[in-house]
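Attaching a predicted model along with its sequence, questions to come.
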Amino acid sequence: LVEAVDRGERVCIWGDYDADGISCLALMFNFLNHLGLVPVVHIPTREEGYGLHIDKVEDLAKQGVDLIVSLDCGASNVEEIAHARSLGVDVIVVDHHEMGDEVPPAVAVINPKRRGSRFPTRDLAACGVTFFFLLGLRRVMHGKGLIPAHINLKKELDLVTVGTVGDMVPLLGDNRILVRHGMEVMNAKPRAWLKSMLDSRVISKGLINEFALGFIIVPRINAAGRVASPHPALDFLVAKETGSASQLLAHLQKLNNVRQQREKKIHEEIVASIGRDGLSGRKTIVVFDEKWHAGVLGIVAQKLTEQFERPAIVITRVNGIWKGSGRGGDGMDLFETIGSVSHLLLKYGGHKYACGISLEEENLPLFAEAFEKAVEGNITARRRVVHVDTAAGFEELTAEVMERLEDLGPFGIGNPRPNLALEAAGVFAAPNGRTRITDGDNRTWYGFYAPKGSLQREGGARIIASPVVKMEMGERFIHLNIKEVE
């Protein structure tokens, strides 16, 4: 890449359409811009499919592209990269997905999951891999006198944070450090894209936490690639002015509304079919319908896995090929399990927690049965367990305690927000999906709980909840995410 920049070669950055992939592209785009280089950007749509494609590689070669940097993809594109090489196009792979036995014939394959890797954090998101790659690139280029001015990579940690939280990797080791510092950067010096969200009050200033990221920011970045072109999401993250960022945000908001509607419809259809037919003792959920939109399959699979506590794969037809997205359960490696039945697939990829597959129509029922058998030997029946970190009194939930609690963050997979056991005087369902809690001093608290059946506890109840600070009508308050009511 140093040579390509020095020689003025034409560079294409090729990414993925989800939050991690878009964040990688934004990181690399900003860095190359600092060097005065404007790269060609290619982001496949979900209909085109994940990863590199031979026809597009050929188009790029005809356009005079000398180097492709594949971000959040490429680890399994052996054939496509070999073809690029035959056309005189170099490829650098910066990825974090599991790799097969054959390493792609690229100029370099940067991946903490490759055999022999000595990088200490194996479960980096792709944007984390990209960030560390850029750290090394900056050092080398500075040593060669090729950097015209200081490039501050710390300010890019907002992008690393979005991608890392969006890809749901464990927030441990380097991931936790990157996200911790990224949240500090976001709260202290928001860039145009984030400032547009603060100005429009989509999120509250000073309250950038896992909820703001996971439930507000990431879904809007993902929405573009799920239901339309992913390019507006990239334009949003690299916007220099708040005005243009605000216009792009309005567009992403609309796309997110469309995404929510499609997702809700598909999820309701699947849950209704499970209600009619039952799961018949099965340990997996594999469902398919050609009418479903490909862009929301992953999030529907995630909801099914959480709701029914078993691995789920949701499949639809795209351009004659059936493509699906899956999410795994506890105690299993989804990528490894899918690999054991890969003879029924045209293509597959992913990692321990999530996967994407392609297959022929005649193999749909065969795959469903093979996956069920493969999982039987992989996991045992799951039992709902709610972990309690400590017992506490409502009087202990003060602003000072909440500040100290946040010091344990950032929270997420691998480092969950602490659960407290609290003795409540009453717990009641409230309007707008809320739950109202009264304590022993007759004070009222609010939270969220998704119970089965009606909720009305007047004679006292023990609740297990994780407290988080939220803001409403300009006032901060402690919100209780209730996991269990006993």
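Right, received. Where do you want to start? Numbering: from 1, shown residues only.

Quick check on residue 358: phi, psi?
The phi/psi pair for residue 358 (degrees, to the nearest 10) reads phi -140, psi 140.

Please verify my assumption that it contacts residue 322.
Yes - using CB atoms under 8 Å, residue 358 is in contact with residue 322, at 7.0 Å. For the C-beta atoms, the positions are set from N, CA and C on the backbone; glycine is no exception.

Isn't residue 289 up against residue 316?
Yes - shown here, residue 289 and residue 316 form a contact pair, counting by CB under 8 Å, at 6.3 Å.

which of the two has more neighbours?
Set residue 289 next to residue 316 and count neighbours by other CB atoms under 10 Å: residue 316 wins out with 20 against 13.

can you tell me which residues contact that one?
Counting by CB atoms under 8 Å, 6 or more residues apart in numbering, residue 316 touches 288-294, 297, 322-324.

Distance from the chain centre to the one helix or strand it maps to, please.
Element membership of residue 316 [criterion: DSSP states H and E] is strand 312-318. Centroid displacement of strand 312-318 relative to its chain, using CA atoms, centre = their mean, to the nearest Å, is 19 Å.

Residue 358 and residue 322: which is more packed in?
residue 322 (21 against 17).

any idea whether the more buried one is helix, strand or coil?
strand (DSSP: H, G, I helix; E, B strand; the rest coil).

could you measure it against residue 50, distance?
From residue 322 across to residue 50, the span is 15 Å (CB to CB, to the nearest Å).

same deal with residue 33?
Relative to residue 50, and taking CB to CB, residue 33 is found at 26 Å.

Buried ones in the strand holding residue 316, by neighbour count?
Neighbour-count burial for strand 312-318 flags 312-318 (criterion: 16 or more other CB atoms under 10 Å).

swap in stretch 162-174?
162-171, 174.

from those, which is closest to residue 466?
residue 171 (14.8 Å; CB to CB).

Which residue is the nearest non-sequential neighbour of the closest one?
residue 412 (4.1 Å; CB to CB, 6 or more residues apart in numbering).

neighbours around that neighbour, how many?
Residues within reach of residue 412, counting by other CB under 10 Å, total 22.

and if you look at the one 3 residues further on?
One way to gauge burial is a neighbour count; for residue 415, by other CB under 10 Å, it gives 17.

check contacts around the closest residue to it other than its chain neighbours.
Counting by CB to CB, 6+ apart, residue 415 lies nearest to residue 171, which is 4.7 Å off, once chain neighbours are set aside. Residues near residue 171 by CB under 8 Å, 6+ apart: 164-165, 179, 410-415.

Next: residue 311.
Counted by CB under 8 Å, 6+ apart, residue 311 has contacts 283-285, 305, 326-329, 332, 334, 337, 371, 375, 379.

Same list (the contacts of residue 171) but as a markdown table, adding pLDDT and distance to residue 479.
Below are the contacts of residue 171 laid out as a markdown table (pLDDT from 0 to 100; distance: CB to CB, whole Å):
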| residue | pLDDT | distance to residue 479 |
| --- | --- | --- |
| 164 | 97 | 24 |
| 165 | 96 | 19 |
| 179 | 97 | 21 |
| 410 | 93 | 17 |
| 411 | 93 | 14 |
| 412 | 90 | 17 |
| 413 | 87 | 21 |
| 414 | 89 | 23 |
| 415 | 93 | 19 |
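
Which of the residues you listed sits closest to residue 130?
residue 164 (10.9 Å).

element containing that closest one, please.
Judged by DSSP H and E, residue 164 forms part of helix 157-166.

Look up how far residue 419 lies from the nearest residue to residue 285 once chain neighbours are set aside.
Using CB to CB, 6+ apart and skipping residues adjacent in sequence, the residue nearest residue 285 is residue 312, 4.1 Å away. Between residue 312 and residue 419 the computed distance is 25 Å (CB to CB).
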